[in-house]
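K.L.:
sequence? don't have it. structure:
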């Protein structure tokens with residue numbers, strides 16, 4: 001599947017060594033919405049991502065990708081240390097200037 005480079009970085013990054021590369025895929029004013037909380041800017045997003053990786057030890061394997069309402073939607077099988085694993089989650093990315101500007105994660 002041919003994903004835009006920042007989305008490919010999001011799914012291929014490994015914690016903790018790729019934390020800075022992951023953060024660099026996000027715009028300076030980016031927002032991630034996950035588990036009812038918002039994380040703003042690359043530094044908060046990096047910290048959220050590293051904490052989630054440490055807590056859940058999860059990995060997301062993309063299944064398919066579509067375009068809708070100006071966003072790139074990736075469905076992925078997420079496997080890790082959480083109830084209901086594995087689960088198929090929806091990752092809705094908005095991009096601008098080859099950076100992720102918003103990411104919403106949900107079922």
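P.N.:
Structure's in. What do you need? Keep in mind that this is a model prediction, so the values were computed, not measured.
K.L.:
contact partners of the helix or strand harbouring residue 63?
P.N.:
Per DSSP states H and E: residue 63 is located in strand 59-68. For strand 59-68, contacts defined as C-beta atoms under 8 Å, 6 or more residues apart in numbering pick out 1, 3, 11, 72-80, 88-89, 91. Just so you know, the C-beta spots here come from the backbone N, C-alpha and C atoms, and that holds for glycine as well.
K.L.:
Could you pick out the one among those with the lowest pLDDT?
P.N.:
Here the lowest pLDDT out of those sits on residue 1, with 86.
K.L.:
okay, now residue 63: neighbour count?
P.N.:
For residue 63, the count of nearby residues is 12 (other C-beta atoms under 10 Å).
K.L.:
if I look at it, how far off is residue 73?
P.N.:
Going from residue 63 to residue 73 by C-beta to C-beta, to the nearest Å gives 11 Å.
K.L.:
quick one, the lengthiest helix in the chain and strand 59-68 angle?
P.N.:
Ordering each helix of the chain by length in residues (DSSP state H) puts helix 41-56 first. Comparing the axes of helix 41-56 and strand 59-68 via axes from the mean of the first three to the mean of the last three C-alpha atoms, to 10 degrees yields an angle of 130 degrees.
K.L.:
Kindly spell out which helices and strands sit in contact with helix 41-56.
P.N.:
With contacts defined as 3 or more C-beta pairs under 8 Å, 6 or more residues apart in numbering; DSSP states H and E, helix 41-56 has these neighbours: helix 19-24, strand 26-34, strand 37-40.
K.L.:
what does it rub up against?
P.N.:
Contacts of helix 41-56 (C-beta under 8 Å, 6+ apart): 13, 15-16, 19-20, 22-24, 26-30, 32, 34, 37, 39, 58, 80-82.
K.L.:
among those, which ones are buried?
P.N.:
Neighbour counting by 16 or more other C-beta atoms under 10 Å classes 13, 15, 19, 22-23, 26-27, 30, 32, 34, 39, 58 among these as buried.
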